[in-house]
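Colleague: got a sequence here, can you model it:
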Amino acid sequence: MLKSSFSPDLIEAGLDEVGRGCLAGPVVAAAVILPKDFALEGLNDSKLLREAQRDLLVPQIKQHALAWAIAEASPAEIDEINIQQASYLAMHRAVDQLALRPELLLVDGNRFRPYPFIAHQCLVKGDRTYANIAAASVLAKDFRDALMRQHARQYPQYGWETNVAYPTPTHLKAIREHGQTPLHRRSFRVK
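Modeller: Presented below is the predicted three-dimensional model:
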C-alpha cells in the first residue's frame, strides 16, 4: 500500500510528468493534493497500470482529491528550453492551477526547479511510494494518452493511438516515410 503522506501536518501536492521520452506532443504534468488518510485500492505508478485500471482510478482520484490540476509544455517550448526544463515548466503550471495552495511539493524523480515560496522534496520512484505522486502520475498519463489519441485522427500514419508518440518502430518508420508533423519535437534525434 502506498504511503498517504510524507509529513504529518503539511498540505502536500504530489507532482509527476508524462511524455519526456516521446517524439511528439507535449510533456504533461499533474499536481494532486489528497486527504492525509487517503487510500485507493490499485493506485500505483501509471507505468505499472493497464489503461482499464487507470480508467477506473481517474474519476476516483478527481472526486476525492482536495485539489488537482493538469498542465503541459508544448513541443515548441520543449525545443526552445529542453525537455527537462519543459517538464519543470509543466509541473509549475500545474501547481499554479491548484485551487488549494500546498505547503510541500513531493516530486517524482531526483531533480526539480524550485517553485517560489513552496518547499519541495524529490523522491526517486516516488510514484511507487506516495499516493499523491501516484495519483498525479495517473492523471497526467490519462490526459496525455487521450490527447495523443485525438491527434492520431489527424495524423493516422504515426500510430499515436497505440504508441502515444513514443519512438516505436511504427512511429520511426512513419517519420522516415512521411516526415515530421507540427507536433513533433524538432530537437529530438530520430534515427
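
Colleague: so what secondary structure elements neighbour the longest helix that the chain contains?
Modeller: Across the chain, the longest stretch assigned as helix under DSSP state H is helix 131-154. Counting contacts by 3 or more Cβ pairs under 8 Å, 6 or more residues apart in numbering; DSSP states H and E, helix 131-154 packs against strand 12-18, strand 27-33, helix 51-64, strand 67-73, strand 104-108, helix 160-163. Every C-beta, even on glycine, is put in place using the N, C-alpha and C of the backbone.

Colleague: apply 10 Å and report the result again.
Modeller: strand 12-18, strand 27-33, helix 51-64, strand 67-73, helix 83-97, strand 104-108, helix 160-163 (3 or more Cβ pairs under 10 Å, 6 or more residues apart in numbering; DSSP states H and E).

Colleague: for burial, what's the neighbour tally of Ala99?
Modeller: When neighbours are defined as other Cβ atoms under 10 Å, Ala99 has 10 of them.

Colleague: who's the closest residue to it other than its chain neighbours bridged to?
Modeller: Once flanking residues are discounted, Ala99 sits nearest to Ala67: 4.6 Å by Cβ to Cβ, 6 or more residues apart in numbering. Beta bridges link Ala67 to Ile33, judged by DSSP bridges.

Colleague: wait, isn't Ala67 in contact with Ala31?
Modeller: Yes - if you go by Cβ atoms under 10 Å, Ala67 and Ala31 touch, sitting 7.8 Å apart.

Colleague: higher neighbour count, those two?
Modeller: Per other Cβ under 10 Å, whichever of Ala67 and Ala31 has more neighbours is Ala31, with 34 against 16.

Colleague: so for the closest residue to that one other than its chain neighbours, what's the pLDDT?
Modeller: Nearest non-adjacent residue to Ala31, counting by Cβ to Cβ, 6+ apart: Ala94, 3.9 Å away. The model reports Ala94 with a pLDDT of 98.

Colleague: count the neighbours of Ala94 for me.
Modeller: 26.

Colleague: quick one: contacts for it?
Modeller: Ala94 sits next to 13, 15-17, 28-32, 68-72, 136, 139-140 when contact means Cβ atoms under 10 Å, 6 or more residues apart in numbering.

Colleague: and Lys62, by the same measure?
Modeller: When contacts are counted by Cβ under 10 Å, 6+ apart, Lys62 touches 32, 68, 135, 139, 142.

Colleague: ok, those vs Gln53, which is closest?
Modeller: For the contacts of Lys62, the closest approach to Gln53 (Cβ to Cβ) belongs to Asp142, at 10.7 Å.
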